[in-house]
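S.K.: Got a predicted model here, sequence first, then my questions.
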Amino acid sequence: MRYSKLLAPTLRDTPADAEVVSHQLLLRAGFIRRVTSGVYDYLPMGLRVLRNIEHVVRQEMNRAGAQELLLPMVQPSELWKKSGRWDKYGPELLRFHDRHQHESCLGPTHEEVICDLMSRELRSYKQLPMNLYQIQNKFRDEIRPRFGLMRGREFVMKDAYSFHANESCLAEEYDNMYQTYQRIFTRLNLKFRAVEADNGSIGGSASHEFHVLADSGEDLIAHCSACDYAANVEKAISKAPAYSYDDSTLQTVSTPRTSAVEDVASLLNAPLSQLLKTLIFTITGGDLDGQHIAACVRGSDQVQDIKLIRALGADEIHLASSETLQQLQSSIGFSGPVALACPVYIESSLQGAFGLIAGSNQQDEHLSAVNLQRDVPNAIYIDLRQTQEGDVCTHCAANIAMSRGIEVGHIFALGTAYAKPMEVMFQDEQGKRAVATMGCYGIGVSRLMAAIVEQCHDDSGITWPVHLAPFQVSVITLGKSETALAASQQIYEGLLDLDIQALWDDRKERPGVKFKDAELMGIPLRIVVGDRGLESDTLELKTRLGGAAEASLAAVCQTAQTMLQEMVQEIPSSNT
RNA sequence: CGGGGCGUAGCGCAGCCUGGUAGCGCAUCUGGUUUGGGACCAGAGGGUCGGGUGUUCGAAUCACCCCGCCCCGACCA
């Protein structure tokens, strides 16, 4: 490609509304442009990288035995009503009517469509297992799109769905996909970690997320500093530090206008861990829909609401309104579990705890020396607290550390959660009709592009790994002498003959401009063609990361090829 | 949806407080001088000042409403 014809509008200044590096650099390097909130154009350079990422994903999926297909983005509401998600999915699902007033939606994911297909095409157990995937645009009307490609509303996703005759076969494929994801992210040159995850509303049994480790990540991951244990905080389990306080008689203490745990603690000169924090929630969905419950953890801990939602079998929980609190005869900021008129769930590590300070449900008063067993006899003990840095690993007793992560992949063992309502049936070995068992496996392809930039950049711009770069080589012509132009063209064509993706910067720009652009865009290798080098027949080759070499005009393409091969070898192979 | 911030040329910004008919840097176009790290000189093009309503002789500027964008919280690849 000749740069003079390339649509790659690089920016000298960082757009003011871009917060994270990947967003800033992808905009500045002319890879993407925003169309509307969470929706982007992929310009030629951006698309080339996206295709390179897709190539790795495809290769590994195919190698794992999955087959590619393409499903529609527009989906009829009937399928979603059949699965039960038309009502469950919420406003993230973009719904609309066509000219015949037919109700449809844009696909945020494709369980319904693939199940519909399979319900018609799957006949015999002999066809199973089968893993089908696609790489396609998804649309989710996110509450808050942000950080460029990191959280868009329209984004590119690889989604795979596997079908099985039984659970053990699903377990095998789940493991196969787990290994495949390890290979994919390794080949993409990422620092990542597989973590145990909450299954979310999708349901099913096992679930793992793959996180790229980056400070800009939106997720919190708890991982053991010694063993392999790693989990999303939504699900992470760890041993909380143990505390012990004096047991004595329950007493009321005056705490005028002091409701925040920190303030109560300092007023009573007590550690945060001695306080009992009580949150009252109203439940939406499930058997307890509309009811209220209280959740208690230590003042030094946080309630992990996903854990609570799962324990309650709810869809959502919200902090109760002040009217609700009045109904329950409690008081905002002074809620406590003692004699509270609703079910009380207490963090399990607090079982048998005493000497605690809790709200009294009376304005401006707390209770001291609460003994949970004595004073809250009907409490239900469940895992509620959010894992914190410094907790103890339940697997090996080492310390738990916390990191930020960008979720780039998620695999689920779904079981029959979709296949059953969608009637994905087959005839088993005994000739009986059976429901297929499913798994689903997602990778955020466009998000990966951002995640890779988060890990591959320096002060000058992006530093793509060779196999992902939009072009492997930039041929930079300096000056406008006929010899330099002719030599550049010769090199450019020589590189193309060697099947090397080359960008020939034939613009009438000063050298500095060309160097800066090539660095910003992250092209791994550059060849400088100027009169100076041509006179002595020594052309300069420089890698984006600081390597350098020289070669004669006759040998420069060959040298470039060798250097590129060496750079590829620095990238981990897929055999991990 | 709640909290905070912002909207003036492609990008980055000033002007707004104290109304008088829009400006700077970069980018773009023309000509010239330059040419191994984001050049210089001269000239030029480009703006319904996010939209609407109101106040006023007069609104980018003041008031009200709406729209859009960004950041922090609840969702997820």
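M.R.: Thanks, I have the structure now.

S.K.: switch to C-alpha atoms for all contacts and neighbour counts from now on
M.R.: Noted.

S.K.: and A:Leu132, bridged to which residues?
M.R.: A:Gln67, A:Tyr161 (DSSP bridges).

S.K.: any idea how far A:Asn176 is from it?
M.R.: 14 Å (C-alpha to C-alpha, to the nearest Å).

S.K.: quick one: which of those two has more around it?
M.R.: A:Leu132 (19 against 15; other C-alpha atoms under 10 Å).

S.K.: I'd assumed A:Ser162 was in contact with the more buried one.
M.R.: Yes: using C-alpha atoms under 8 Å, A:Leu132 is in contact with A:Ser162, at 6.2 Å.

S.K.: Can you pull the domain assignment for chain A?
M.R.: The record's domain parsing of chain A by automatic domain parsing lists A:15-211+A:408-453, A:251-382, A:464-569.

S.K.: Pick out the residue nearest the middle of chain A.
M.R.: Geometric centre of chain A, nearest residue: A:Glu407, 1.7 Å, by C-alpha atoms, centre = their mean.

S.K.: Surely it is in contact with A:Asp219?
M.R.: Yes: at 7.2 Å, A:Glu407 counts as touching A:Asp219 under the criterion of C-alpha under 8 Å.

S.K.: May I have the helix or strand where A:Ile406 lies as PDB, with CA atoms only?
M.R.: Following DSSP states H and E, one finds A:Ile406 within strand A:400-415. C-alpha atoms of strand A:400-415 as PDB (Å, rounded to 0.1, in the frame of the first residue of the first chain):
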ATOM      1  CA  ILE A 400      -4.700 -13.300  48.100                       C
ATOM      2  CA  ALA A 401      -3.700 -10.300  45.800                       C
ATOM      3  CA  MET A 402      -6.000  -8.200  43.700                       C
ATOM      4  CA  SER A 403      -5.500  -7.100  40.100                       C
ATOM      5  CA  ARG A 404      -7.400  -5.300  37.400                       C
ATOM      6  CA  GLY A 405      -8.400  -7.200  34.300                       C
ATOM      7  CA  ILE A 406     -10.000  -6.700  30.900                       C
ATOM      8  CA  GLU A 407     -12.400  -9.600  30.200                       C
ATOM      9  CA  VAL A 408     -11.600 -10.800  26.700                       C
ATOM     10  CA  GLY A 409     -13.000 -14.300  26.900                       C
ATOM     11  CA  HIS A 410     -15.700 -16.200  28.800                       C
ATOM     12  CA  ILE A 411     -16.600 -19.800  28.600                       C
ATOM     13  CA  PHE A 412     -19.700 -21.400  30.000                       C
ATOM     14  CA  ALA A 413     -20.900 -24.900  30.500                       C
ATOM     15  CA  LEU A 414     -24.600 -24.200  29.900                       C
ATOM     16  CA  GLY A 415     -26.100 -27.600  30.400                       C
END
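
S.K.: Contacts (any at all) between RNA strand B and it?
M.R.: Yes: using C-alpha under 7 Å from any atom of the strand, strand A:400-415 reaches RNA strand B at A:Glu407, A:Val408, A:Gly409, A:His410.

S.K.: Direction included, what does that strand pair up with?
M.R.: In the sheet, strand A:400-415 lines up with strand A:207-213 (antiparallel), strand A:219-224 (antiparallel), strand A:437-444 (antiparallel) (DSSP bridges).

S.K.: Could you identify the helix or strand that succeeds the last one?
M.R.: Pointing back at strand A:437-444 there. Once the chain leaves strand A:437-444, the next helix or strand it forms, by DSSP H and E, is helix A:445-455.

S.K.: mean confidence score for that following helix?
M.R.: Mean pLDDT, computed over helix A:445-455, is 96.

S.K.: neighbours of A:Thr483, just the number please.
M.R.: Applying other C-alpha under 10 Å, we find 15 residues neighbouring A:Thr483.

S.K.: That one looks like it's in a helix, true?
M.R.: Yes: counting by DSSP: H, G, I helix; E, B strand; the rest coil, A:Thr483 is part of a helix.

S.K.: Just confirm it contacts A:Arg532, I think it does.
M.R.: No: under the criterion of C-alpha under 8 Å, A:Thr483 is not in contact with A:Arg532, lying 10.9 Å apart.

S.K.: How about the residues of the stretch 151-300 of chain A by RNA strand B?
M.R.: So the stretch 151-300 of chain A meets RNA strand B at A:151-157, A:200-201, A:209-210, A:218-219 (C-alpha under 7 Å from any atom of the strand).

S.K.: ok, which stretches of the stretch 101-250 of chain A are strands?
M.R.: Along the stretch 101-250 of chain A, counting by DSSP state E, counting those that start in this stretch, strands occupy A:103-106, A:130-139, A:154-164, A:192-196, A:207-213, A:219-224, A:230-232.

S.K.: average pLDDT across the shortest one?
M.R.: For strand A:230-232, mean pLDDT is 91.

S.K.: mind listing the strands in the stretch 351-500 of chain A by residue range?
M.R.: For the stretch 351-500 of chain A, the strands defined by DSSP E, counting those that start in this stretch occupy A:356-359, A:365-370, A:380-382, A:400-415, A:425-427, A:433-435, A:437-444, A:457-458, A:461-462, A:473-477.

S.K.: Which of the ones you listed sits closest to A:Phe515?
M.R.: Nearest of these to A:Phe515, taken as C-alpha to C-alpha: strand A:473-477 at 7.9 Å.

S.K.: Would you mark the buried spots in that closest one?
M.R.: For strand A:473-477, burial by neighbour count (16 or more other C-alpha atoms under 10 Å) applies to A:Val473, A:Ser474, A:Val475, A:Ile476, A:Thr477.

S.K.: likewise stretch A:531-543?
M.R.: Quick answer for stretch A:531-543 (16+ other C-alpha under 10 Å): A:Asp531, A:Gly533, A:Leu534, A:Thr538, A:Leu539, A:Glu540, A:Leu541, A:Lys542, A:Thr543.

S.K.: List just the nearest of those residues to RNA strand B.
M.R.: A:Gly533 (4.3 Å; C-alpha to the nearest atom of the strand).
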